[in-house]
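Colleague: quick one, what's the 3D model for this:
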Amino acid sequence: VLLLVALIGALIWTVLDRKSISYERLYYGLRVLARYRLAIAVIAYGFIKLYPLQSPYPSLSHLNTLYGNFSAWKLFSLSLGIVPGYESFLGGVEIAAGLLLLFRKTASFGAVVLVFFTGNVFMSNLAYEGGEAAYSFFLVTLALLVLSYDLNRIVQLLVRQQPTLPAVFVPLFPGKRWRQARLIVKSLFIFFFVALYGFKVYAVYKKGGYHYPSKPGLAKLQGFYTVSRFSLKGQDRPYALTDSLRWQNLVFEKWATLSIGVFSQQASPVTGTEEIEPDDEKRSYQSEGSSGRKYYHYTADTVRQVLHLQGAGILRYSIRDSLVILQNDSIYAELKKTDKKYLLKEAKIGGRRKPLKL
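Modeller: Next up is the predicted model:
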C-alpha cells in the first residue's frame, strides 16, 4: 500500500513539476531523515545488546525444559543469551555504526556496516520465525538508501580502480543562527538518544533486566524439585511421561515465579518483538515460545505458609525433612529437591576442553 501511494505521488509530482531536473536540497533532506531514523533504531537496539538485555541468560526453568519443546525463535534467543560477551560485541557494532550515521562524512561507512548487519537480522527473523522480519527489512532499505548516495563512487574507486570525484553538493545554512540551530538540534539528539538513553538502559541492566520478574521469591524454596508423589482429588497418579495432569517436576525461581513440568505438545506463541513490561505479572518471556511447563507468578504469605498463584488459586506449603509439600483442596504433591548439575555451568568452571562429570 505504501509503495502504491509513493508511486502515485511520484507520478503526480513528475507531471506537475516537469521543468525541474534535480532536487539536491530535497534529496539531502530525505537522506538526513533516513540517516537519523536508522541511527535511532540501531543505537536503541545496540544498547540493549551492549548491556546484555535483549537475550537474557536462560532461567532455571529453561534449563529444565526439553530442547524440542522450544520454538526456533526461543532457541535463537537463548543461544545468544548464554554468550553475553558476544551479545555485547554485537551491540557495540550497532552503536558504532549508528554514530557514524550522524555525520555526513562517515554516513556511508555506517551504512555499509548496517546493510550486512541488519540484513543478517532480517534473515535470522525469517530463518528462526521471528516477529520482526518486516521491521528489520525496513532498516535494510534505509541503510541502502543512505549508501546509494556514494555507491557509484565506491564502485568506481574500489572495483574499477579508477579516479573518483567526491560528492560535490554541500548544504548551505544561511546565516549564523541557522548554523547554531543545527548544532543545537544535533547536540540535543545525541544527548537524548545516545547519552541519556544509554544511561537508562544501564540502569535497567543493573536492576536485573526487563524479561524476568524483579520481585524476589522465597529464597528457602529456590531450586529444582522432582515430584515423588502426586495426588489429584484424592487419587494417586504414578509417574507417567505422557500424563498431562501429573506434575513431573517443579522449579522455584529466584524471583516470585514457579514453573511446573507437565506433558504438553502445544507451544505457547512467541511475540518475536521487544516487549518491555513494567509489571512483573505481564512479563511473559519465561513461558513464550516453549511447551512442557506451566508458569505462575505468586505472592507468598510466609506466616500462614500460603502461595497465592496468579489466576490459579492458592497452594499451602510446608517443609518436612527433605521434602516440600504443596497442597490445596484437590492437589497434593511431595517435592524432593535435586541438586542438578548443568553442562552449561560446569563447562565454565573446568573449561570446555577438560573432562566433565555430571
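Colleague: where do the helices of the stretch 201-350 of the chain begin and end?
Modeller: With DSSP state H, counting those that start in this stretch, the ranges of helices along the stretch 201-350 of the chain come out as 343-350.
Colleague: which residues of it score low on pLDDT?
Modeller: Using pLDDT under 70 as the threshold, the predicted model of the stretch 201-350 of the chain has low-confidence ranges 265, 267-274, 350.
Colleague: try 90
Modeller: Counting by pLDDT under 90, the stretch 201-350 of the chain contains low-confidence ranges at 208, 240-244, 263-284, 288-291, 311-312, 320-322, 339-350.
Colleague: could I get the full set of strands for it?
Modeller: 223-232, 235-236, 249-252, 257-261, 293-301, 306-309, 313-320, 323-327, 331-337 (DSSP state E, counting those that start in this stretch).
Colleague: I'd like the ones you listed as TSV, with distance to Leu139 and mean neighbour count appended.
Modeller: C-beta coordinates here come from the backbone N, C-alpha and C atoms, glycine included. Putting the strands of the stretch 201-350 of the chain into TSV (distance: least, C-beta to C-beta, whole Å; neighbours: other C-beta atoms under 10 Å) gives the following:
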stretch	distance to Leu139	mean neighbour count
strand 223-232	40	18
strand 235-236	56	8
strand 249-252	37	23
strand 257-261	34	24
strand 293-301	32	18
strand 306-309	41	17
strand 313-320	46	14
strand 323-327	48	17
strand 331-337	47	18
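Colleague: now the ones you listed in CSV, with distance to Pro278?
Modeller: Written out in CSV, the entries for these read as follows (distance: least, C-beta to C-beta, whole Å):
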stretch, distance to Pro278
strand 223-232, 28
strand 235-236, 42
strand 249-252, 24
strand 257-261, 16
strand 293-301, 14
strand 306-309, 21
strand 313-320, 26
strand 323-327, 30
strand 331-337, 32
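Colleague: right, and the ones you listed - which one's nearest Phe103?
Modeller: The stretch from these with the least distance to Phe103 (C-beta to C-beta) is strand 257-261; that distance is 45.6 Å.
Colleague: related to what we said a few turns ago, which of the strands of the stretch 201-350 of the chain sits closest to Leu11?
Modeller: For Leu11, the closest of the strands of the stretch 201-350 of the chain is strand 293-301, at 53.7 Å, according to C-beta to C-beta.
Colleague: now for the closest one, which elements pack on it?
Modeller: Strand 293-301 makes packing contacts with strand 257-261, strand 306-309 when contacts are defined by 3 or more C-beta pairs under 8 Å, 6 or more residues apart in numbering; DSSP states H and E.
Colleague: direction included, what does the shortest one pair up with?
Modeller: Listed by DSSP bridges, the sheet partners of strand 306-309 and their directions read strand 293-301 (antiparallel), strand 313-320 (antiparallel).
Colleague: ok, residues contacting the shortest one?
Modeller: Applying C-beta atoms under 8 Å, 6 or more residues apart in numbering, the contact partners of strand 313-320 are 220-221, 304-309, 324-328, 331.
Colleague: want to throw these into a markdown table with distance to Arg316?
Modeller: Listed next are those as a markdown table, based on distance: C-beta to C-beta, whole Å:
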| residue | distance to Arg316 |
| --- | --- |
| Lys220 | 16 |
| Leu221 | 13 |
| Arg304 | 8 |
| Gln305 | 6 |
| Val306 | 6 |
| Leu307 | 8 |
| His308 | 11 |
| Leu309 | 12 |
| Val324 | 11 |
| Ile325 | 8 |
| Leu326 | 7 |
| Gln327 | 6 |
| Asn328 | 6 |
| Ile331 | 10 |
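Colleague: which residues are in contact with Gly92?
Modeller: Taking C-beta under 8 Å, 6+ apart as the definition of contact, the neighbours of Gly92 are Gly46, Leu50.
Colleague: is it in a helix, a strand, or coil?
Modeller: Judged by DSSP: H, G, I helix; E, B strand; the rest coil, the three-state class of Gly92 is helix.
Colleague: what's the closest of the contacts of strand 313-320 to Ile154?
Modeller: Leu309 (59.8 Å).
Colleague: that older thread, how about the strands of the stretch 201-350 of the chain, which one is nearest Val159?
Modeller: Using C-beta to C-beta as the measure, strand 293-301 is the one of those that comes nearest Val159, at 53.7 Å.
Colleague: how far out from the middle of the chain is that closest one?
Modeller: For strand 293-301, the gap between its own C-alpha mean and the chain's C-alpha mean amounts to 24 Å (C-alpha atoms, centre = their mean, to the nearest Å).
Colleague: residues in contact with it?
Modeller: By C-beta under 8 Å, 6+ apart, the residues outside strand 293-301 that reach it are 61, 64-65, 69, 213, 217-218, 251, 256-262, 264, 280-281, 286-287, 306-312.
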